[in-house]
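**Q** Predicted model and sequence below, questions to follow.
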Amino acid sequence: MNVNQIKPYPIISKNNCKACLRCISACKEECLKLSEEINDSGYQYAEYTGEGCIGCGDCYYTCPEPLAIEVHIPRRTRKPKGDA
């Protein structure tokens, strides 16, 4: 994933995820899925599909694990007056 992209995206800590599926169910854009891999705690974990995130934060707010997910929302820069 390109962290310099200008669109929002979730950052999921695979070792903090407990596979409760709340974030996946909460995502209206369906941009999260359950990984086929297992984390260090023995759980499958949620992962970002790579596109579709709108930065709503529903995944973040429904997650019961405080460090499992965050949503990166890039800063918007203003164009100087006179630029088209």
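**A** That came through fine.

**Q** Distance check, the residue most central in space within the chain against residue 45.
**A** With distances taken as C-alpha atoms, centre = their mean, residue 10 lies nearest the centre of the chain, 1.6 Å away. Residue 10 sits 12 Å away from residue 45, taking C-beta to C-beta, to the nearest Å as the criterion. In this view, the C-beta of every residue, glycine as well, is placed from N, C-alpha and C.

**Q** Pull up the pairing partners for the host helix or strand of the residue nearest to the centre of the chain, direction included.
**A** Using DSSP states H and E, the element containing residue 10 is strand 9-12. Each strand paired with strand 9-12, and its direction, by DSSP bridges: strand 69-72 (antiparallel).

**Q** If we go by neighbour counts, what in the partner strand is buried?
**A** 69, 71 (16 or more other C-beta atoms under 10 Å).

**Q** what residues are up against the residue nearest to the centre of the chain?
**A** 23, 31, 32, 48, 53, 59, 60, 69, 70, 71, 72 (C-beta atoms under 8 Å, 6 or more residues apart in numbering).
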